[in-house]
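Asks: Sequence and predicted model, in that order:
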Amino acid sequence: MTEFKAESVVDPTDFPIGKMIRLLMNEARITEADLCRGVNLPQTTINRLLSCQTNDPRISTVVAIAKFFDVTIEQLLGSEPILSLQTSKMLKGSILPILAWEQIASRLSKDGSMPEDVYVRWIKTEKSLNPGSFATHNPTSTDAFFGGHGLLLINLCTTREIMDGQIVLVDLGENNFGLRQVFKEGNDIFLKRLFAPFEINLLSQVQMIRGYVVEMRKYLDLPKSVS
C-alpha cells in the first residue's frame, strides 16, 4: 500500500505516473484535453504529469485521475499491476464524452476544438471505438424508431466501410446532422429517414456519413434533446 506524505503530496520516486496515465489515455482513446475536462483539472497540471515535470502530484489529483479511469490509486501509481489478466478488462474499451445534439458539429469540425466546459458527463463502453467518437441522445423525432429516448454511442468512420442496416450519422450540410438507416442494393447505397415522412434517398457522397451507432442505452437521468 502506498503511503502519502502529510503535506498531501505523493512520493513519485517508485512509479512512472506520467507513463501510466498516457497508457490509460491511449487505451481509452482520449486526448489530453478530454482528460482535463473529465477530471476538471487545468491542462497545465495534466501536461506536467504526462511530461514527468511534476515531482509531487497532490493526492486530490491522483484520486481524480484514478476515479476517472476506474483503477485503484495503487494501479495508477504503479505499485500494483494494471495489465494482469483480471485488471486488463478495465483498459479495453473507450471513454466517450456525452454531447448535446447541437454540439456534434463542433466535435466534428476540422480541428475538433470544443469549449473547455462542454463535456459535463462521460460514459464508458467495452467497445474499442475510433478516436473522436462520442455519445449523444437520440433526437425526440426518432423515439418511435428506437423505442424511446436513450443514449446513442456513435463510432466515427475511418474506413468508410458501410454495412446494410446500420444507423448512421449523416452530414446534411450547414452544420446540420441527422440519423439515417442504410440500405444497400448492388453498388448503390440508400439512406432512409427514421421518422415520417420515411424518405429514401440515394447516397450521393460516402463522405456524408460521419459515424454509425454501435449501441443504444437507456439513460433516463439526463434531459432529453430538443432536436
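Replies: Noted; the coordinates are in hand.

Asks: Would you agree Ile104 falls within a strand?
Replies: No: going by DSSP: H, G, I helix; E, B strand; the rest coil, the assignment for Ile104 is helix, not a strand.

Asks: Give the full set of residues in contact with it.
Replies: By C-beta atoms under 8 Å, 6 or more residues apart in numbering, the contact set of Ile104 is 134, 136, 169, 177. C-beta coordinates here come from the backbone N, C-alpha and C atoms, glycine included.

Asks: and with 7 Å instead?
Replies: 136, 177 (C-beta atoms under 7 Å, 6 or more residues apart in numbering).

Asks: change the start of the numbering to 43 and stick with it
Replies: Renumbered: residue one is now 43, and that last one reads Ile146.

Asks: could you point out which element follows the helix or strand Asn68 falls within?
Replies: Using DSSP states H and E, Asn68 sits within helix 59-70. Note on helix 59-70: by DSSP H and E, the next helix or strand toward the C-terminus is helix 74-81.

Asks: Where do the strands of this protein begin and end?
Replies: Assignment of strands within the chain using DSSP state E yields the ranges 136-141, 164-167, 176-179, 193-198, 209-215, 218-227, 230-235, 242-244, 251-259.

Asks: which stretch in those has the least confidence?
Replies: Ranked by mean pLDDT, those bottom out at strand 164-167, which scores a mean of 82.

Asks: Let's check: the centremost residue of this protein is which one?
Replies: Computing the C-alpha centroid of the chain and ranking residues by C-alpha atoms, centre = their mean puts Leu138 first, at 1.7 Å.

Asks: I am finished for the moment; much appreciated.
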